[in-house]
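# The sequence isn't on hand, but the structure is:
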């Protein structure tokens, strides 16, 4: 039986004796990624150029300092492919295919002057990995912190951390910061990755619904759990379709 999974939506705050950051070179996908990173980076920067540097505003306004400074473009979303975006990044698509324990992958921009306030990730079942593509400056002007332990991003290098811990980011330079983000499911949870992915996607949809209809915020936790369960059932019904078609919601 695997370890009990921690989920942010029901069980904050997170506490663990595990290290906040994970040393580079720990996972087998890292060396493979670095081999193909020039091709992947070229594809991603071409996508950015074609979009005039514009991606999709991150859904979680509460962790943005202005609500419009953290932008993403998803290629894989908790086990479900975003096929329209992957077609534009074939090297990334091939790398993701070789490493099925990568549950999510996205391009991420932090605009000049932006701050992502302290928050926790969705679950302790993954480590989150930042691959530097455009890093305008180092500490103290541009950086990342997990439980007040600061680290810089570096171009063409991988920064790995436990997403469940409180973390934040900032860009006090006058240029954008661009990274590739991937989520890797840990050994203790890999046999439950489908269930974990469904749970996290259900939490995220619940957050989107509550953010859209503000009156739902006053609902009791019991009613939120009931709504979460309905979303989860729907996602299980849709899962066979999504495995073929990819995501149903636009990520472009």
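That came in fine, so what should we check first? As the structure is a prediction and not an experimental result, all values here were calculated from the model.
# In the stretch 151-252 of the chain, where is pLDDT below threshold?
Scanning the stretch 151-252 of the chain for pLDDT under 70 picks out the ranges 248-252.
# show me where it has strands.
Using DSSP state E, counting those that start in this stretch, the strands assigned to the stretch 151-252 of the chain run over residues 158-161, 167-171, 177-185.
# closest one to residue 226 among those?
Among these, strand 177-185 comes nearest to residue 226, with 27.7 Å by C-beta to C-beta. Every residue, glycine included, has its C-beta placed from N, CA and C.
# The closest one packs against which elements?
For strand 177-185, the elements it packs on are helix 28-50, strand 102-110, strand 126-134, judged by 3 or more C-beta pairs under 8 Å, 6 or more residues apart in numbering; DSSP states H and E.
# picking up where we left off before, which stretch among the strands of the stretch 151-252 of the chain is buried most, on average?
Of the strands of the stretch 151-252 of the chain, the one with the most neighbours on average (mean count of other C-beta atoms under 10 Å) is strand 177-185, at a mean of 23.
# who does it pair up with?
Here strand 177-185 is paired, per DSSP bridges, with strand 102-110 (antiparallel), strand 126-134 (antiparallel).
# Would you tell me which one of the ones you listed is buried the most?
Among the strands paired with strand 177-185, strand 102-110 has the highest mean neighbour count (mean count of other C-beta under 10 Å), at a mean of 23.
# Now do that strand, average pLDDT.
Across strand 102-110, pLDDT averages out at 96.
# Begin at 835, not 1, for the rest of this chat.
Shifting the count to begin at 835 puts that one at strand 936-944.
# what sits up against that strand?
863, 878, 881-882, 887, 889, 903-913, 926, 930, 950, 960, 964, 1003-1005, 1010-1019, 1027, 1031 (C-beta atoms under 8 Å, 6 or more residues apart in numbering).
# ditto for stretch 965-975
For stretch 965-975, the surrounding residues in contact (C-beta under 8 Å, 6+ apart) are 867, 871, 875, 878-879, 976, 984-993, 1005-1016.
# Please, where are all the helices along the stretch 885-1034 of the chain?
With helices called from DSSP state H, counting those that start in this stretch, the stretch 885-1034 of the chain shows them at 917-920, 924-932, 1027-1046.
# can I see the domain layout of the protein?
According to automatic domain parsing, the chain comprises the domains 855-1023, 1026-1079.
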